[in-house]
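K.L.:
mind looking at a prediction? Sequence and model below.
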Amino acid sequence: RFPFLLVDRVIEYNPGVSAVAIKNVTINDNFFPGHFPERPIMPGVLMVEVKTSPFSIAMAQVGGLVMLQPEVGGNKASFFFAGIDKVRFRKPVIAGDTLVMRMTLVKLQKRFGIAKMEGKAYVGTDVVCEGEFLMAMGQES
């Protein structure tokens with residue numbers, strides 16, 4: 001839900017394996033007035049989501065689509081972003097860009113409810129961000 005949802009549409013889904021989604025980046029997005037007013041760039045932290053971010057963001061949300069599916073042992077319970085490694089920001093993402101994010105399940109430890117995923121974000125054919133993500137399943141209440 002707004003303002004936490006930064007995925008506009010899922011365009012590809014391979015159950016329990018991968019998901020591809022898009023975010024249409026517009027000048028009306030609430031982060032542009034402060035980052036940077038003279039040269040609006042989508043903050044990298046919003047592309048990958050870290051615990052210090054006030055948002056539950058884009059690539060982690062796409063990973064959650066894979067994590068919450070029955071093929072991975074998921075359900076309607078929540079998932080948590082547990083770690084991130086090897087993240088690289090290759091190019092800036094600006095207003096007018098369509099950010100295409102692909103998250104792929106690399107390793108799953110069903111017993112512990114933990115998954116390692118690889119993520120890449122593209123604008124056109126250019127990789128703008130990539131990294132490894134660790135996701136953990138939450139408990140149903």
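P.N.:
Noted; the coordinates are in hand. These figures come from a predicted structure and were not determined experimentally.
K.L.:
leaving out chain neighbours, which residue sits closest to the residue most central in space within the chain?
P.N.:
Nearest residue to the geometric centre of the chain (Cα atoms, centre = their mean): residue 59, 0.9 Å. Spatial nearest neighbour of residue 59, chain neighbours left out: residue 119 (4.5 Å); criterion: Cβ to Cβ, 6 or more residues apart in numbering. Heads up, the C-betas are built off the backbone N, CA and C, glycines and all.
K.L.:
give the contact list for the one you found.
P.N.:
48, 59, 62-63, 101-104, 129-133 (Cβ atoms under 8 Å, 6 or more residues apart in numbering).
K.L.:
what of residue 7?
P.N.:
Residue 7 touches 21, 22, 23, 58, 61, 62, 101, counting by Cβ under 8 Å, 6+ apart.
K.L.:
how about the nearest residue to the fourth one, chain neighbours excluded?
P.N.:
Right, residue 58. Spatially, and ignoring its direct neighbours in sequence, residue 58 is nearest to residue 6 (4.3 Å; Cβ to Cβ, 6+ apart).
K.L.:
ditto for the fifth one
P.N.:
By the measure of Cβ to Cβ, 6+ apart, the closest residue to residue 61 outside its immediate chain neighbours is residue 7, 4.9 Å from it.
K.L.:
so how far is residue 41 from that neighbour?
P.N.:
Between residue 7 and residue 41 the computed distance is 19 Å (Cβ to Cβ, to the nearest Å).
K.L.:
for residue 28, same thing?
P.N.:
In terms of Cβ to Cβ, residue 28 sits 15 Å off from residue 41.
K.L.:
tell me which of the two has more neighbours.
P.N.:
residue 41 (16 against 8; other Cβ atoms under 10 Å).
K.L.:
what about this structure, any weak spots by pLDDT?
P.N.:
Filtered on pLDDT under 70, the chain yields the residue ranges 1-4, 49-57, 71-78, 139-141.
K.L.:
show me what contacts residue 34?
P.N.:
Neighbours of residue 34 in contact, by Cβ under 8 Å, 6+ apart: none.
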